[in-house]
Every structure is written in C-alpha cells, then in structure tokens.
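Visitor: Predicted model and sequence below, questions to follow.
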Amino acid sequence: MERNSRTSLYEKLYNEIKQEIICGKLKEGAKLPSKRAQAERLGISVVTVENAYAQLLAEGYILSLIHISEPTRQAE
C-alpha cells in the first residue's frame, strides 16, 4: 500500500478492499484478516484497519459476525 499521497491510509485500505470485492477477487463469504493481523501485515495501526473495515461495513460491502460465547458449565 503506497503511503506517499494525500489519501489517508484508511481510505487506501478501504479502496483496495472495495475494489477486490467489486472485481471478484474477494468472493462472497470469504473472511477478511482480523484487524490485528491486517495491521501487522501492512505495518499500520489497528485503528486504521478498524476505520477501513467500519466504512466497508457501513456501505454494505462486508458483514460483521459477532461470536457469542456460552459458558462451559453452570455457575454455582
């Protein structure tokens, strides 16, 4: 990801992922890397990835599934 322009890093990441979705490189049902993994891979902050993912989510390009954990045994 090129860093030497006036476009913010989150916008660059957002646009990159959006284009991959539009052109079919990222297929429906494919999982994006976790925010932390994506940040480490690109050498950017987790907040930057969160902002890009949030924009994609707001515009309907991605879905976010919340994992709900259940207790393994009854509390006493």
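Guide: That came through fine. Numbering: from 1, shown residues only.
Visitor: Just give the number of residues close to Val49.
Guide: Using other C-beta atoms under 10 Å, the number of residues around Val49 comes to 26. The way it works is simple: take the backbone N, C-alpha and C, and place the C-beta from them, glycine included.
Visitor: How is it assigned, secondary-structure-wise?
Guide: helix (DSSP: H, G, I helix; E, B strand; the rest coil).
Visitor: which residues does it contact?
Guide: Under the criterion of C-beta atoms under 8 Å, 6 or more residues apart in numbering, the neighbours of Val49 are 10, 13, 35-36, 38-39, 42.
Visitor: As a markdown table, the residues you listed with distance to Gln55 would be great.
Guide: A markdown table is the format used below for those (distance: C-beta to C-beta, whole Å):
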| residue | distance to Gln55 |
| --- | --- |
| Tyr10 | 7 |
| Leu13 | 9 |
| Lys35 | 13 |
| Arg36 | 18 |
| Gln38 | 14 |
| Ala39 | 16 |
| Leu42 | 16 |
